[in-house]
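Enquirer: attaching a predicted model along with its sequence, questions to come.
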Amino acid sequence: MKNIFKWIGVLTLSISIYSCNDNYFDVNTPSNAVSADKIAMKDVLSPCIQYTMNAQFNAASNIALVDQHITTIVQDRQGIDNQYLATLDGYWRIVYTQALPNIQVLEQKAIASNSSHYLGIAKVLKAINIGFTTDLYGDIPYSEATYGSTINYPKYDSQQAIYTEVIKLLDESIALFSSANTSALAPGGEDLIYGGKIANWTKAAYTFKARFQLHLSKVNGATTTANAVLTSLSKGFTSNADDFQLKYNSVNINPWYSTQVGLFTGNVFYAISSHFISYMNGSVSGVFPFTTPTLSMDPRLPLLVDMRSYSSAGVTGTQPTLAASYIGTANGTGASSSAKIGTQLFYSKIDSPLVYLTYSEAKFMEAEAQFILAGGTATSTGSNAAAYAAYKAGITANMDKIGVATADKTAYLADTSIDKGASALELKDIMRQKFIALFLNPETFTDYRRYDFSSNAFKNLKIPVNTDPVNGGKWMRRIVYSTNERSANAANYSANFKPMITPVWWDK
């Protein structure tokens, strides 16, 4: 079936509308563009999801440098890897000219047709778009955004107000999902995440709610936050099958794959951070941590880090079998590296899913919450059985997801460095495993800020070398507003602009 994207005008914004089930990433713009009122509701849902995921990837490909999952190998580069001024203009554009306007159309059509399940999905998508955007930037346009020529200079809503709206939207979506659809129109194959399965959307709404609630530990207090997170998680994801992700194929290719195809011409831009590898090859503990004789390294390492050679003829060589052979690049140095994302590993194959939220992350959120309720802090040792069980379950889920062999998984989980027992569990154990499970996921940036980039929570975490001297050696804590806003919405931009080292509301 041939795919066609139709471009419609909604006020002053152009929005792509998906009109068929195959090849949904084709972006041809036909000359016979049609108006929003002539597009069926089912044809709006796919682009809402597509743009939401496009935005997440655009942010991830930058924030993963801050997270120290990856690094650049460009000498003397003054970019986000070195914590120089970062605007993420592409992300801002996708959210405000594509994702939110499409979602607004979907929401309006769902209300007009009394379709409660479409409306619930629209609310979830809106919540995660504005929630993620405010996590990056702080105060952002929302209540007056996406109104085109009606409101040319949208005000910036406070992050506190945005967070109230995020939780409200997720609660409203849960209520809409909790009963039968109020319309004959129901989501189906155009739902690129869950194929119209509302039970999965319900779990996703609860799990996203838990993620946003966890962000508020400095605002609401650790104990209140932990209880709220556990309440939401009790109705959230229950297995890897629930993961919120977009699947690709050989025609609609994974964006991490497309960024790595330059490997075949030698134009490598991203390398794997030495910090990430240190969490998996044993060097984070100063000595090799594994006691199991058959376990030479974290079995996820060769599934996530590509050490093979690439040429015009393709991939040559095999993955190393010893941890010592995996050597990354320190962030900020721009040094060359043989450690790559690759084109044949779990997150970066041509048909790999683009992952947003997982069951594994949910288990690590649960582990952290239980750890806190047991009196745990960033410097304490020991927790309860619930925290320890969730910690082990999070590792298991991540290993199952990326395809670790059963024998390797069993050996890893049995090693004394991992199988410590509840009485020896530390926060840094939980956050180390969550950091690995969140590979290439920008959520780590939020975790860093929640714990003030503490090496107690993230062992051996250090600010990159050669950082912007303007920051005075301080970590970046936000992204600055899009350069387009500086001219298009100048007064509001200037009134709300803050340096990158300024904490956002929930980070204070």
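Expert: Sure thing, it's come through.
Enquirer: keeping just the C-alphas, turn stretch 116-128 into PDB.
Expert: Once non-C-alpha atoms are left out, stretch 116-128 reads as follows in PDB (Å, rounded to 0.1, in the frame of the first residue of the first chain):
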ATOM      1  CA  SER A 116     -13.300   8.900  24.900                       C
ATOM      2  CA  HIS A 117     -10.400   6.500  24.000                       C
ATOM      3  CA  TYR A 118      -9.000   8.700  21.300                       C
ATOM      4  CA  LEU A 119      -9.300  11.600  23.700                       C
ATOM      5  CA  GLY A 120      -7.500   9.700  26.400                       C
ATOM      6  CA  ILE A 121      -4.600   8.900  24.100                       C
ATOM      7  CA  ALA A 122      -4.400  12.600  23.000                       C
ATOM      8  CA  LYS A 123      -4.100  13.600  26.700                       C
ATOM      9  CA  VAL A 124      -1.300  11.200  27.400                       C
ATOM     10  CA  LEU A 125       0.600  12.400  24.300                       C
ATOM     11  CA  LYS A 126       0.100  16.000  25.300                       C
ATOM     12  CA  ALA A 127       1.200  15.300  28.900                       C
ATOM     13  CA  ILE A 128       4.500  13.600  27.900                       C
END
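Enquirer: so where is the stretch 1-150 of the chain shaky, pLDDT-wise?
Expert: 1-35 (pLDDT under 70).
Enquirer: so which residues of it form strands?
Expert: 5-10, 13-18, 70-72, 140-141 (DSSP state E, counting those that start in this stretch).
Enquirer: which other helices and strands does the helix or strand containing residue 161 contact?
Expert: Using DSSP states H and E, residue 161 sits within helix 159-177. Other helices and strands packing on helix 159-177, by 3 or more CB pairs under 8 Å, 6 or more residues apart in numbering; DSSP states H and E, are helix 116-137, helix 198-214. Backbone N, C-alpha and C define where each C-beta goes, glycine included.
Enquirer: buried set for it?
Expert: Going by neighbour count (16 or more other CB atoms under 10 Å), the buried part of helix 159-177 is 159, 162-163, 165-167, 169-170, 172-174, 176-177.
Enquirer: what angle sits between it and helix 116-137?
Expert: 160 degrees (axes from the mean of the first three to the mean of the last three CA atoms, to 10 degrees).
Enquirer: average pLDDT across helix 159-177?
Expert: Taken as a whole, helix 159-177 has a mean pLDDT of 98.
Enquirer: and it with helix 198-214, angle?
Expert: Using the same axes, to 10 degrees: helix 159-177 against helix 198-214 is 160 degrees.
Enquirer: what's in contact with helix 159-177?
Expert: 116-117, 119-121, 123-124, 126-127, 130-131, 134, 138-140, 142, 157, 198, 201-202, 205-206, 208-209, 212-213, 215-216, 504-506 (CB atoms under 8 Å, 6 or more residues apart in numbering).
Enquirer: thinking again about what came up before, comparing the helices and strands packed on helix 159-177, which comes out most buried?
Expert: Burial of those is given as mean neighbour count (mean count of other CB atoms under 10 Å); helix 116-137 ranks first at a mean of 25.
Enquirer: so which elements touch that one?
Expert: Under the contact criterion of 3+ CB pairs under 8 Å, 6+ apart, helix 116-137 touches helix 42-67, helix 89-94, helix 100-112, strand 140-141, helix 159-177, helix 198-214.
Enquirer: give the burial count for residue 484, as a bare number.
Expert: 15 (other CB atoms under 10 Å).
Enquirer: quick one: it is in a helix?
Expert: Yes - membership of residue 484 in a helix is supported by DSSP: H, G, I helix; E, B strand; the rest coil.
Enquirer: return, as residue ranges, the portions of the stretch 251-400 of the chain with sub-threshold pLDDT.
Expert: For the stretch 251-400 of the chain (pLDDT under 70), the answer is 264-268, 284-289.
Enquirer: in it, which spans are helices?
Expert: 255-260, 274-278, 301-304, 359-373, 385-402 (DSSP state H, counting those that start in this stretch).
Enquirer: tell me which residues of the fourth one are tucked away?
Expert: The one in question is helix 359-373. 359-373.
Enquirer: how about the last one?
Expert: Along helix 385-402, the positions that meet the burial threshold by neighbour count (16+ other CB under 10 Å) are 386-388, 390-399, 401-402.
Enquirer: export that helix to CSV, keeping only CA atoms.
Expert: Extracted in CSV, the C-alpha atoms of helix 385-402 (Å, rounded to 0.1, in the frame of the first residue of the first chain):
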residue,chain,number,x,y,z
ALA,A,385,13.2,-6.8,50.7
ALA,A,386,10.9,-4.9,48.3
ALA,A,387,13.6,-2.5,47.2
TYR,A,388,16.0,-5.3,46.6
ALA,A,389,13.5,-7.4,44.7
ALA,A,390,12.6,-4.5,42.4
TYR,A,391,16.3,-3.8,41.9
LYS,A,392,16.9,-7.4,40.7
ALA,A,393,13.7,-7.3,38.6
GLY,A,394,14.9,-4.2,36.8
ILE,A,395,18.1,-5.8,35.8
THR,A,396,16.3,-8.9,34.7
ALA,A,397,13.8,-7.0,32.6
ASN,A,398,16.5,-5.0,30.9
MET,A,399,18.6,-8.1,30.1
ASP,A,400,15.6,-9.9,28.8
LYS,A,401,14.7,-6.9,26.6
ILE,A,402,18.0,-6.6,24.9
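Enquirer: show me what it is packed up against.
Expert: Using 3+ CB pairs under 8 Å, 6+ apart: helix 385-402 touches helix 359-373, helix 406-414, helix 427-437.
Enquirer: residue 449 is nearest to which of those helices?
Expert: helix 427-437 (12.8 Å; CB to CB).
Enquirer: what's the angle from that closest one to helix 385-402?
Expert: Going by the same axes, to 10 degrees, helix 427-437 makes 20 degrees with helix 385-402.
Enquirer: list of residues touching whichever helix or strand comes after helix 427-437?
Expert: Following helix 427-437 in sequence order, the next helix or strand is helix 443-450 (DSSP H and E). In this structure, residues lying in contact with helix 443-450 by CB under 8 Å, 6+ apart are 63, 66-67, 69, 135, 211, 214-215, 217-218, 361, 431, 434-435, 438, 457-458, 461, 475, 477, 503-504, 507.
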